[in-house]
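Novice: When you get a sec, could you give me coordinates for this:
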Amino acid sequence: MHNLVKTFLTSITFDSLSRKIKNPCLVINKNFLKEDFTMKSKQIIIMLLSFIILFSISCKNEDKTGSGYDYSVPTATGDPATDLTDGNYTGTLNRTAQVGSPEQDQPTIDGFYLKITANKAESGTMGALANVQVLKSGTEYSAYGESNEEGLSVKEYIKFTVSGDNITITYIVAVSANGQNYKLTYEGTLSKSAN
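Specialist: As a prediction, the model looks like this:
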């Protein structure tokens, strides 16, 4: 392969005609095109294809999980909420999206809760949303929490609107542990409890 490149490079010259018309293109010497034209052209094609393959492999996706999936979770947006009424809200949420596969399939969450105290929220199923500040943007409220303990990384996010004693909520949880990654999205309506 090295000899082929060397032969190719030494056979390239500037043609006087190309200099006269001020064309910077290189013209291949006629000696290169004599005898083994088909053999040399095949070698050049093989060399170019090898380079293209190596280049494409080196430019592959840098996704460290190897999956290409998006496990990101939104963060809360807005200003600190000041107008929420304290209370406990419960209800059933239905899964609307899933990325990855958790060990236990949970298409619904029965008894999902949201506790609001002094404009802070406690909610979720994994404990990352514990006493976090609720933010407000327009008519939407949101809260975000994360935890990382003993190889278990959890991110939880809620976004909700309030209508009387009911809350329409979106809950997103992303978990990474022991090489297993997944993100689940749930939606539903919670109702205020009597106590």
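Novice: Not counting sequence-adjacent ones, nearest residue to residue 161?
Specialist: For residue 161, the nearest residue in space outside its immediate sequence neighbours is residue 168; the separation is 5.2 Å by C-beta to C-beta, 6 or more residues apart in numbering. (Glycine included, C-beta is placed from N, CA and C.)
Novice: Contacts only, for that neighbour.
Specialist: Shown here is residue 168, whose contacts under the criterion C-beta atoms under 8 Å, 6 or more residues apart in numbering are 160-161, 187-189.
Novice: Which of the residues you listed has the largest number of neighbours?
Specialist: Compared across the contacts of residue 168, residue 160 has the highest neighbour count, 23 neighbours, by other C-beta atoms under 10 Å.
Novice: Can you give the contact residues for the helix or strand containing it?
Specialist: Element membership for residue 160, per DSSP states H and E: strand 152-163. Residues outside strand 152-163 that contact it (C-beta under 8 Å, 6+ apart) are 73-76, 84, 114, 121, 123-129, 139-148, 167-177, 190.
Novice: Just the C-alphas of the helix or strand following it, formatted as CSV.
Specialist: Counting by DSSP H and E, the element after strand 152-163 in chain order, helix or strand, is strand 166-177. Listed next in CSV are the C-alpha coordinates belonging to strand 166-177 (Å, rounded to 0.1, in the frame of the first residue of the first chain):
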residue,chain,number,x,y,z
ASN,A,166,-58.1,18.9,41.2
ILE,A,167,-54.6,18.9,39.8
THR,A,168,-53.7,17.8,36.2
ILE,A,169,-50.2,16.4,36.4
THR,A,170,-47.4,15.1,34.3
TYR,A,171,-44.8,13.0,36.2
ILE,A,172,-41.4,12.0,34.7
VAL,A,173,-38.9,9.7,36.4
ALA,A,174,-35.5,8.7,35.1
VAL,A,175,-33.5,6.0,36.8
SER,A,176,-30.0,4.7,36.2
ALA,A,177,-28.6,1.8,38.3
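Novice: Buried residues in the helix or strand just after strand 166-177, which are they?
Specialist: The C-terminal neighbour of strand 166-177 among helices and strands, as given by DSSP H and E, is strand 180-192. Of the residues in strand 180-192, those buried by neighbour count under the rule 16 or more other C-beta atoms under 10 Å are 181-186, 188, 190, 192.
Novice: Much appreciated, bye for now.
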